[in-house]
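Trainee: got a sequence here, can you build the structure:
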Amino acid sequence: MEKPCLKDQNEYPDDAVLERYLGEVKQTWNAFLNLIGESYPSFSGEWRYYNDGKNWLYKITRKKKTVCWVSVYDKKFKTTFYFPDRAEDLITQSTLSQEYVDQFLHGKKYGSIRGITVEITEPADLNATQSLFGIKERLK
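Mentor: Residues are numbered from 1 along each chain as shown. Reported below is the predicted structural model:
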């Protein structure tokens, strides 16, 4: 199983660090940040080191609610969203591919929430993440 790259607590994931791990995918990372800034101005993000997983994660929030988590891997990054059971209709009726709908429907439950993870290696992969942002916005 592949592991996230940002393990060193003393190495803050600045642009140079991200460029080293993401390579050409850093351009897609920049597009991801632009998407958030332009389309979701109420969202904000920050890097945090989490001791439980011994890894840096980029946490995107709206007010005090977590929208998604982002982890960096070799030449890609992943966005992970957690949704309550009541989001099932929004997810099944969305434009998400069946792969992501199935992740939610058949994925592991954590209490009353389930996750959807999107692997991002190119700009087209941001479409699913954008759909998931929209679903998060529609949930109250």
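Trainee: can you pull the contacts of the residue sitting nearest the centre point of the chain?
Mentor: Centrality entry for the chain: nearest residue to the mean C-alpha point is Thr79, 1.9 Å, by Cα atoms, centre = their mean. By Cβ atoms under 8 Å, 6 or more residues apart in numbering, the contact set of Thr79 is Cys68, Trp69, Val70, Thr117, Val118, Ile120, Thr129, Leu132. Using the backbone N, CA and C atoms, a C-beta is placed for each residue, glycine as well.
Trainee: after the one helix or strand the fifth one maps to comes which helix or strand?
Mentor: Using DSSP states H and E, Val118 sits within strand 113-120. Taking DSSP H and E as the definition, the helix or strand that follows strand 113-120 towards the C-terminus is helix 126-138.
Trainee: buried residues in that next one?
Mentor: Buried positions in helix 126-138, judged by neighbour count with 16 or more other Cβ atoms under 10 Å: Leu126, Ala128, Thr129, Ser131, Leu132, Phe133, Ile135, Lys136.
Trainee: residue boundaries of the strands in this structure?
Mentor: 43-50, 55-62, 65-73, 76-84, 109-110, 113-120 (DSSP state E).
Trainee: turn those into a markdown table, including distance to Tyr21 and mean pLDDT.
Mentor: Compiled in a markdown table, those are given as follows (distance: least, Cβ to Cβ, whole Å; pLDDT from 0 to 100):
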| stretch | distance to Tyr21 | mean pLDDT |
| --- | --- | --- |
| strand 43-50 | 13 | 96 |
| strand 55-62 | 11 | 97 |
| strand 65-73 | 6 | 96 |
| strand 76-84 | 9 | 97 |
| strand 109-110 | 27 | 92 |
| strand 113-120 | 13 | 97 |
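Trainee: any chance of those in CSV, with distance to Tyr100 too?
Mentor: CSV is the format used below for the strands of the chain (distance: least, Cβ to Cβ, whole Å):
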stretch, distance to Tyr100
strand 43-50, 20
strand 55-62, 18
strand 65-73, 13
strand 76-84, 9
strand 109-110, 16
strand 113-120, 5
